[in-house]
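Colleague: with the input below, show me the fold.
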Amino acid sequence: MIAHNAVHWVSRPGPHTLPGLWHQFIDWIGDGTGLPDTILHIHAGMAVLMLARVVTRRSLGSLVPLSVVIVAEAFNEIMDRLQFGSWRWPDTTLDIVNTLLWPTIICLGVRFRPMIARRRNGGWGR
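Modeller: From the prediction side, this is the model:
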């Protein structure tokens, strides 16, 4: 009986379910800041990346902080899917791109910077 109620608490759309509460929280952030959803996704991706870097003590060039951003964005989009009852692909795609773009660029830039510096300095052996 308890497991059955737990499944409905997560999977049914409504204000008193996990997706409903998550959506209310996201709306509260948007209303409080006055920023559009697009900008909030960019800031959220960067904030999660920095927080993951500090908590895990891993370099931004490591895939660990970027993976945390990916998992956080996946959670957000799954909550949207459960709240709205279907995927809203144009919105979902834009949310994913806005959230992951700069964290991915930062990760790749930090990760490949040593290789670029070695090439500039005349090779791998110096």
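Colleague: in this structure, what residue spans correspond to helices?
Modeller: Counting by DSSP state H, the chain has helices at residues 2-11, 18-33, 37-56, 63-84, 89-120.
Colleague: would you reformat those helices as a markdown table and include mean neighbour count and mean pLDDT?
Modeller: Every residue, glycine included, has its C-beta placed from N, CA and C. A markdown table is the format used below for the helices of the chain (neighbours: other Cβ atoms under 10 Å; pLDDT from 0 to 100):
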| stretch | mean neighbour count | mean pLDDT |
| --- | --- | --- |
| helix 2-11 | 10 | 54 |
| helix 18-33 | 14 | 94 |
| helix 37-56 | 17 | 97 |
| helix 63-84 | 18 | 97 |
| helix 89-120 | 14 | 91 |
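Colleague: report the central residue of this protein.
Modeller: By Cα atoms, centre = their mean, the chain has its centre lying nearest to residue 73, at 3.2 Å.
Colleague: for the closest residue to it other than its chain neighbours, what are its contacts?
Modeller: Nearest residue to residue 73 in three dimensions, chain neighbours excluded: residue 99, at 4.5 Å (Cβ to Cβ, 6 or more residues apart in numbering). Neighbour list for residue 99: 41, 42, 44, 45, 69, 72, 73, 76 [criterion: Cβ atoms under 8 Å, 6 or more residues apart in numbering].
Colleague: no more questions from me, cheers.
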